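1. starting from these lines, generate the structure:
(chains A, B, C and D)
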2 protein chains.
Amino acid sequence: MAKVSMREVAERAGVSVGTVSHVVNGSSKVAEATAQKVNEAIDELGFVRNAAARQLRSGHSSSLGLVVLDSANPFFASVAHGAGHACDEAGLSLLIGDSGTDEKRESKYLELFAEHRVNGLLVTPTGADLSELESIAARGTPVMLVDRASTGYALSSVTVDNVAGGRMALDHIIAGGCASPVFIGGPRSLPQVADRLAGARERAEASGLTLPVYETEQLTILAGRDVGRTIVGLPEDQRPDAVFCANDLLAVGFMQAVLMFSDLRVPADIAIVGYDDIDYAFSTIVPLTSVRQPAELLGRTAVETLLQENASTSDVHHDREFTPELVVRESTRPVRTDPANGSAPPVDE
Amino acid sequence: MAKVSMREVAERAGVSVGTVSHVVNGSSKVAEATAQKVNEAIDELGFVRNAAARQLRSGHSSSLGLVVLDSANPFFASVAHGAGHACDEAGLSLLIGDSGTDEKRESKYLELFAEHRVNGLLVTPTGADLSELESIAARGTPVMLVDRASTGYALSSVTVDNVAGGRMALDHIIAGGCASPVFIGGPRSLPQVADRLAGARERAEASGLTLPVYETEQLTILAGRDVGRTIVGLPEDQRPDAVFCANDLLAVGFMQAVLMFSDLRVPADIAIVGYDDIDYAFSTIVPLTSVRQPAELLGRTAVETLLQENASTSDVHHDREFTPELVVRESTRPVRTDPANGSAPPVDE
DNA sequence: TTGTAAGCGTTATCAT
DNA sequence: ATGATAACGCTTACAA
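-> Numbering: from 1, shown residues only, chains lettered A, B, ... in the order given. Coordinates of the predicted model:
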């Protein structure tokens, strides 16, 4: 058992615990010779610092907590990766929690991290009510919203403009000549989903189109496949000619269903646009057009901004917003160069 | 700041700290009325237990540490997911470290987890030398190897038979009539890679074929794409007619390169077999034939076995091995039914 | 340069 | 049923 304490090391080396502490932490000048003896004792005994005691005494934890909606989603995996790197550079360790879009689990992790006295919290919240987070922040633990705007709350945030992303997707779909697009995604209580839909619907309606919604319970491949099965079973005159999926996982699943359960072609019969541009979007059966989000950068920026606010004495909150980018691949029809129409490519904003 | 301690709660409620501790932990009978008062005080003050103090006093951490090679790899994401679930059920929290196949980083996490006095360590080691882990185990922290055999060391392990997987892949490739397969993967110092190659080579040589190796530095999409670019640039008579990739990420990247940088067809000109059967293997441009590993089960079993060993007093080590499974899709040629040959499907073992 | 000693916030063992 | 109180292993003034 690693039940060797500084006291035992001190005894073995014939010095005091204070001295041991100093050589372990390099906190004060210790004579070369004594340091040597102490280090020997440490090796012989297999001493390992006790993080709990150290933290209890010092008051802080040198760690950050991150709560994501789904760590199996490559988007969040990238966010976590970026955050992890930034933490490494700052000498912090990153605790990761996966809420699975469940408020109970989210609270559980928030509680756990609070008990561990993390230096800060990075959270992609599940629910609409951010008051729990706000009160945590008010009590002194810096909170940073990740991929979620702080609208109406005294919290900082790092986001990507989802409304703009939704607009890009629909503009592109419409420019390709599709006339009956639908939206697939959910739960709609997630602002990411709601905003992408809002942007998309805005552009659909501007072109005189409705944008029916197929709401899913989760943003997974499986959910996409289920909707896909439903849609390919529709009579031709009710079948959409384009789908905009709230994320790439849904799009991947949807594409699987189309190609597995029907003879429909992508994009000729149904065009597909995803969201996130995960690494695999490039490699799908029909390479996927997607709205790219700078996931790693999001994670990194979240950490850096948090640390920065932590260092400053003021209580200012920062809201950093990135802009997504449409990546066009084969899952959507080429932009229609309709001479009557001027043949302009889709324009943002 | 969450600097409210039990002492303050006790004062506020007019009781002793001992009593507060009891109501917080439900550890002993407390009168209904006093419990009420204490809970009120807790709410009003916003008291949050201090994990460091609690652990220091109690001696254990209620957490497990997991160190994986690459958390962005869906295979390890699944392993972590399975492990996380098992931990949840056991009321433990899971600390996750990503070594990035770097021994330095691996050691760093091992050290960090040791300082946190985790109840056990789940590790997919990077290097060949497991003596560091062995001595950690000897000092009392249970260590469980994940996706790595314990050969020669007094450690427990949960693995999938990589040699068998390699055999399956090559048997299938050969049965499809390919005559010049190559192996893509690396670093070869990883036993997972070495074993898959060993199994594959065994079967290749049994059929009188050599199995050239394109060694990569990492098991990533990018690495696969690089090798792909090299291979499609080869003169036709030197070009392989099948590749067996050490994991699906490589296979995905390789496929991207083939389709992007050449007019070669998959599987007609080049057949591709991956390893892991990640969710996306199903959705690649040409759906990928792959050797499936039960990733979530691996993680779950690792945790359960560890806990089990932890509970028992004996020092027995367990080695649990799962068998992989070939999943055939369109990236490989159909098995050749050569009448002269009996037309048997590929056989395991 | 090194030793001494007072906590950090809990839990657990006693008494009461 | 509740209260005192002694650890747990460490950091950090302050003394020597």
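2. what residues does chain A put near DNA strand D?
-> Within chain A, the positions lying close to DNA strand D (C-beta under 7 Å from any atom of the strand) are A:3, A:5-7, A:17-18, A:21-22, A:24-25, A:27, A:47, A:49-50, A:53-54, A:56-58. For the C-beta atoms, the positions are set from N, CA and C on the backbone; glycine is no exception.
3. close enough to count as contact, A:Glu321 and A:Asn162?
-> No. The pair A:Glu321 and A:Asn162 does not pass the contact test of C-beta atoms under 8 Å, sitting 9.9 Å apart.
4. the helices in the stretch 151-300 of chain A, which residues?
-> Assigned by DSSP state H, counting those that start in this stretch, the helices in the stretch 151-300 of chain A fall at A:162-175, A:191-206, A:221-232, A:248-261, A:295-311.
5. any low-confidence regions in chain A?
-> Where chain A drops to pLDDT under 70, the residues are A:1-2, A:336-349.
6. please, where are all the strands along the stretch 101-250 of chain A?
-> Assigned by DSSP state E, counting those that start in this stretch, the strands in the stretch 101-250 of chain A fall at A:120-123, A:143-146, A:156-160, A:181-185, A:213-215, A:242-245.
7. buried deepest among those strands, which one?
-> Stretch with highest mean neighbour count among the strands of the stretch 101-250 of chain A: strand A:242-245 (a mean of 30; mean count of other C-beta atoms under 10 Å in any protein chain shown).
8. that one pairs with which strands, parallel or anti?
-> Take DSSP bridges as the rule and strand A:242-245 pairs in its sheet with strand A:181-185 (parallel), strand A:271-276 (parallel).
9. residues from chain A in reach of DNA strand C?
-> So chain A meets DNA strand C at A:14-19, A:22, A:28-31, A:33-35, A:53, A:56-57, A:59 (C-beta under 7 Å from any atom of the strand).
10. which of the residues you listed are buried?
-> A:Val15, A:Thr19, A:His22, A:Val30, A:Thr34, A:Ala35, A:Ala53, A:Leu56 (16 or more other C-beta atoms under 10 Å in any protein chain shown).
11. tally of neighbours for A:Asp241?
-> Each residue near A:Asp241 was counted by other C-beta atoms under 10 Å in any protein chain shown, and the total is 19.
12. for A:Arg105, same thing?
-> Residues near A:Arg105, counting by other C-beta under 10 Å, number 16.
13. what's the spacing between it and A:Asp70?
-> The gap separating A:Arg105 from A:Asp70 is 11 Å, by C-beta to C-beta, to the nearest Å.
14. joint contacts of these two?
-> Common neighbours of A:Arg105 and A:Asp70, counting by C-beta atoms under 8 Å, 6 or more residues apart in numbering or on different chains, are A:Asp98.
15. spatially nearest residue to the residue in the stretch 201-349 of chain A that chain B sits nearest to (excluding sequence neighbours)?
-> For the stretch 201-349 of chain A, the residue closest to chain B is A:Tyr280, as judged by C-beta to the nearest C-beta, at 4.4 Å. With C-beta to C-beta, 6 or more residues apart in numbering or on different chains as the criterion, A:Tyr280 has its nearest non-adjacent residue at 4.4 Å, and that residue is B:Tyr280.
16. show me what contacts the residue of the stretch 201-349 of chain A closest to chain B?
-> A:Pro74, A:Asp248, A:Val252, B:Val252, B:Tyr280, B:Ser283, B:Thr284.
17. do the same with A:Ala302
-> A:Ala302 touches A:Val79, A:Ala83, A:Ala86, A:Leu122, A:Met144, A:Val146, A:Val158, counting by C-beta under 8 Å, 6+ apart.
18. with A:Asp277 instead?
-> So A:Asp277 contacts A:Asp248, A:Ser290, A:Val291, A:Arg292, A:Gln293, A:Val327 (C-beta under 8 Å, 6+ apart).
19. which one of those residues is nearest to B:Ser93?
-> Distance to B:Ser93 across these (C-beta to C-beta) is lowest for A:Gln293, with 28.8 Å.
20. next, that closest one: phi, psi?
-> The phi/psi pair for A:Gln293 (degrees, to the nearest 10) reads phi -120, psi 140.
21. related to what we said a few turns ago, any idea which of the contacts of A:Asp277 is the one closest to DNA strand C?
-> A:Gln293 (39.4 Å; C-beta to the nearest atom of the strand).
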